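J.: Generate coordinates for the sequence data below:
(3 chains)
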Amino acid sequence: MRRAPRTVAEKKRIAEVVLVALQQEYPDAHCELDHRNAFELLCATILSAQCTDVRVNMVTPALFAAYPDAAALANAKQEDVEEIVRTTGFFRSKAKNLIAMAGALMDNHNGEVPRTIDELVALAGVGRKTANVILGNAFDINEGIVVDTHVQRLSRRFGLTREADAVAIERALMPLFPRDKWALLSHLLIWHGRRVCDARKPRCGECVVRDICPSAE
DNA sequence: ATCCCGAGGG
DNA sequence: CCCTCTGGAT
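T.: Just a heads-up that it's a prediction; the model follows:
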């Protein structure tokens, strides 16, 4: 096992190698939540909490067919939404949040999805992680870095941070990567986390950055 | 810190 | 069985 990076320069070196290698490995890395617009991405991302994107994609076609926009979703019956999103887990909270979120879009944003962190985070079921997903993927605004379970795990394994808190990890990552790569970075780490750097049993033998990884075996 | 909650893998 | 999956609200 290699020693963990200590200085900022060492961390930047690892960050650069990771970015280059993973871009090479996953040239098609992108958001895997199916959506056609910001509203759909917002709904899908709310549903993605503690749930695989594959499963979210199984329920969103029915959700978007029944409720194509904020106006429709705002007037939905919670029971009906619960039935559609049930298999994503936390279905009562998610259904309630989706309807409340749509109501807020109608009341405060003319039915549109807002484009600032503060306005997004004020919506039901939307935290900083979800807000960053919307800004980065629907609006191409690199205001922050999406720190989900994969980004958190890989950042720590690479030795880029020892923090456990998502916001602290986001602050640690920002100076290590070019701002215009922030959205891409999250997708690369998520793709690599799903395919190789698994939470339980990472497949270091198949990892393209094992040479610079302090956690490689 | 705890709750919300379902599904799939090992 | 236990852990994990693009978390958020209390």
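J.: only C-alpha atoms for contact and neighbour calcs from this point on.
T.: Noted.
J.: And for A:I134, nearest residue in space, chain neighbours not counted?
T.: What sits nearest to A:I134 in space, not counting adjacent residues and going by Cα to Cα, 6 or more residues apart in numbering, is A:L42, at 6.4 Å.
J.: Look up how far DNA strand C lies from that neighbour.
T.: 10 Å (Cα to the nearest atom of the strand, to the nearest Å).
J.: Just to check, that residue is in contact with A:L135?
T.: No. Using Cα atoms under 8 Å, A:L42 makes no contact with A:L135, being 9.9 Å away.
J.: give me the low-pLDDT residue ranges for chain A?
T.: Applying pLDDT under 70 to chain A flags residues A:1.
J.: Get me the contact residues on it for DNA strand C.
T.: A:30-33, A:45-46, A:48-54, A:90, A:121-131, A:133, A:146, A:148-150, A:187, A:190, A:193-194, A:198-200 (Cα under 7 Å from any atom of the strand).
J.: List buried residues within these.
T.: With neighbours counted by 16 or more other Cα atoms under 10 Å, these contain buried members at A:30-31, A:33, A:45-46, A:48-49, A:53, A:121, A:123-126, A:128-131, A:133, A:146, A:148, A:150, A:187, A:190, A:193, A:198.
J.: The residues you listed in helices, which ones?
T.: A:45-46, A:53, A:121, A:128-131, A:133, A:150, A:187, A:190, A:193 (DSSP state H).
J.: Going by secondary structure, A:V59 is in what exactly?
T.: A:V59 is part of helix A:53-66, with elements assigned from DSSP states H and E.
J.: what distance separates that helix from the centre of its chain?
T.: Relative to its chain's centre, helix A:53-66 lies at 17 Å (Cα atoms, centre = their mean, to the nearest Å).
J.: what helices or strands is the following helix or strand past that helix leaning on?
T.: Per DSSP H and E, the first helix or strand lying C-terminal to helix A:53-66 is helix A:70-74. Packing partners of helix A:70-74 (3 or more Cα pairs under 8 Å, 6 or more residues apart in numbering; DSSP states H and E): helix A:91-108.
J.: Would you mind pulling the contact partners of the helix it packs on?
T.: Applying Cα atoms under 8 Å, 6 or more residues apart in numbering, the contact partners of helix A:91-108 are A:43, A:46-47, A:70-71, A:73-76, A:78, A:81-82, A:85-86, A:111-113, A:123-125.
J.: Report whether it contacts DNA strand B.
T.: Yes. Interface with DNA strand B: helix A:91-108 contributes A:91-93 (Cα under 7 Å from any atom of the strand).
J.: ok, those residues vs A:A166, which is closest?
T.: A:A166 has its nearest neighbour among the residues of helix A:91-108 next to DNA strand B in A:S93, at 21.7 Å by Cα to Cα.
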